[in-house]
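Engineer: give me a model of this one.
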Amino acid sequence: MRGRKRSQHIVITDRDYGLPYSKGLMASSLSVSGLPAAEAFAIAERIEQKLLGEHRLEITSKELRDIAAGFLRERGERYADSYLKWQTVEELDVPLVILLGGATGVGKSTVATQLATRLGITRVVSTDAIREVLRSALSADLVPSLHVSSFNADVVAPVAVRNSSDAVLVGFQEQVQAVAVGIKGLIARALEEGTDIIVEGAHLVPGFLDGWEEEFKEAVLVPIVMCVGDEDLHRSHFHMRAIETKSRPHGKYLDSFEKIRLIQDHVNALAEERGVPVVEVFDLDSTIQEIVSLVVKKTLGAARDKGDMASNAPRAFSYGDNGEVVRKGRLSRVKHWEVLGRRRHS
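Structural biologist: Numbers count the residues shown, from 1 in each chain. This next block holds a predicted model:
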């Protein structure tokens with residue numbers, strides 16, 4: 001249209017195909033620091049205004065990172081430190097697999113969704129979804145534990161223990177073993193594609209994951225257990241679930257509340273035995289920030305152990321004519337911004 005100025009675009013020059021600067025992506029990266037979403041977006045806007053004001057339409061990712069860290073330092077050194085640590089994790093050529101376990105009703109799915117947004121991870125899968133798939137393939141006669149709730153699996157426990165106090169845990173453990181097969185298959189597929197993934201669910205139990213880090217040694221696995229110590233707070237989660245999701249009545253959960261608490265105590269004990277971090281849930285923001293810190297610590301530690309801190313490691317993939325990812329030997333981590341850059345260029 002005549003008279004209208006053409007909008008100016010800032011381009012990150014060292015990203016494939018010149019990825020345009022995005023306030024949304026920048027705000028998502030900044031939120032890892034612990035800033036509220038509104039403040040993160042405000043800083044992302046300030047960064048854009050600064051660059052346009054200086055007529056800088058091209059910038060490297062390192063220069064952009066330094067500018068962002070400078071704005072974050074105005075809010076506090078810890079925000080800049082958290083942001084820079086996660087940026088280091090982002091540059092690692094290692095797929096990231098976050099495993100969020102915990103009993104029913106502790107808030108795993110909510111945290112997983114918010115965590116994925118902050119970390120730029122596009123794949124989140126529930127172990128309940130995996131169980132549903134396995135149910136369709138395996139009949140109740142063949143694997144009865146798959147066809148009941150995790151906290152009611154005592155009704156299909158072996159007859160010898162069905163009337164004992166251990167029946168709830170025996171039935172739960174049988175279901176966990178059955179679902180673990182599907183979880184491992186899902187992780188293997190994600191690694192084949194070089195995709196970061198968050199898996200959340202009650203079936204991610206320390207002790208049943210032994211040997212997985214060795215089996216999936218090309219990735220960084222971060223197992224974390226969530227829990228709610230306060231019983232009243234835990235009960236309130238089921239009331240909120242009933243309000244938010246009418247198809248999931250809270251009555252069945254509250255009727256089995258003691259079983260759910262028993263499973264939580266059992267999972268927490270296993271986590272402590274095996275050195276898996278247990279995050280107690282108080283509020284959403286503090287829980288997510290604690291988990292982000294644990295992910296960064298585990299990832300950087302694993303990278304040092306593997307000697308994989310070189311930022312100039314060659315890519316293990318390229319792009320085909322239609323935008324599909326093409327392997328160059330073993331496919332390593334495909335970052336979400338690389339896929340986005342290719343799509344925008346197409």
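Engineer: the top helix by length along the chain: which residues count as buried?
Structural biologist: Of all the segments assigned as helix in the chain under DSSP state H, the longest by residue count is helix 167-193. Using 16 or more other CB atoms under 10 Å as the test for burial, helix 167-193 gives 167-176, 178-180, 182-183, 186-187, 190-191, 193. All C-beta atoms are positioned from the backbone trio N, CA, C, and that covers glycine.
Engineer: so what's Leu204 up against?
Structural biologist: The neighbourhood of Leu204, defined by CB atoms under 8 Å, 6 or more residues apart in numbering, consists of 99-101, 127, 183, 223, 225.
Engineer: a markdown table for those residues, including distance to Leu300 and pLDDT?
Structural biologist: Supplementary listing: those in a markdown table, determined by distance: CB to CB, whole Å; pLDDT from 0 to 100:
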| residue | distance to Leu300 | pLDDT |
| --- | --- | --- |
| Leu99 | 18 | 97 |
| Leu100 | 19 | 98 |
| Gly101 | 22 | 97 |
| Thr127 | 27 | 96 |
| Ile183 | 25 | 95 |
| Pro223 | 16 | 96 |
| Val225 | 21 | 98 |
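Engineer: closest one of those to Pro36?
Structural biologist: Leu100 (22.1 Å; CB to CB).
Engineer: assumed that closest one was part of a strand.
Structural biologist: Yes - the secondary structure assignment for Leu100 places it in a strand, going by DSSP: H, G, I helix; E, B strand; the rest coil.
Engineer: which stretches in the chain count as helices?
Structural biologist: Listed from the start of the chain, the chain has helices (DSSP H) covering 23-31, 37-53, 61-73, 77-91, 108-119, 127-137, 167-193, 212-215, 231-244, 251-255, 257-273, 284-306, 336-345.
Engineer: just checking, what packs against the shortest one?
Structural biologist: If I follow you right, that is helix 212-215. Helices and strands in packing contact with helix 212-215 are listed as helix 167-193; criterion 3 or more CB pairs under 8 Å, 6 or more residues apart in numbering; DSSP states H and E.
Engineer: can we see that at 10 Å?
Structural biologist: Helices and strands in packing contact with helix 212-215 are listed as strand 96-101, helix 167-193, strand 220-227; criterion 3 or more CB pairs under 10 Å, 6 or more residues apart in numbering; DSSP states H and E.
Engineer: lowest average pLDDT across the ones you listed?
Structural biologist: Set side by side, the helices and strands packed on helix 212-215 show their lowest mean pLDDT on helix 167-193, which sits at a mean of 91.
Engineer: got the angle between it and helix 127-137?
Structural biologist: Between helix 167-193 and helix 127-137, the angle formed by their directions is 90 degrees, by axes from the mean of the first three to the mean of the last three CA atoms, to 10 degrees.
Engineer: chain center to helix 167-193: distance?
Structural biologist: Between the centre of helix 167-193 and the centre of its chain there are 17 Å (CA atoms, centre = their mean, to the nearest Å).
Engineer: circling back to that earlier point, which members of the contacts of Leu204 are the farthest-apart pair?
Structural biologist: Farthest-apart pair in the contacts of Leu204 is Ile183 and Val225; separation 15.1 Å (CB to CB).
Engineer: can you lay out the helices and strands packed on helix 212-215 as TSV showing distance to Ser150?
Structural biologist: Formatted as TSV, the entries for the helices and strands packed on helix 212-215 read as follows, by distance: least, CB to CB, whole Å:
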stretch	distance to Ser150
strand 96-101	11
helix 167-193	6
strand 220-227	15
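Engineer: any idea which of those gets closest to Ala137?
Structural biologist: Among the helices and strands packed on helix 212-215, the nearest to Ala137 by CB to CB is helix 167-193 (9.5 Å).
Engineer: so which elements touch the closest one?
Structural biologist: Based on contacts counted as 3+ CB pairs under 10 Å, 6+ apart, the elements that helix 167-193 packs against are strand 96-101, strand 124-126, helix 127-137, strand 197-200, helix 212-215, helix 257-273, strand 325-327.
Engineer: make a markdown table out of those and add mean neighbour count.
Structural biologist: Putting the helices and strands packed on helix 167-193 into a markdown table (neighbours: other CB atoms under 10 Å) gives the following:
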| stretch | mean neighbour count |
| --- | --- |
| strand 96-101 | 25 |
| strand 124-126 | 18 |
| helix 127-137 | 16 |
| strand 197-200 | 25 |
| helix 212-215 | 14 |
| helix 257-273 | 18 |
| strand 325-327 | 13 |
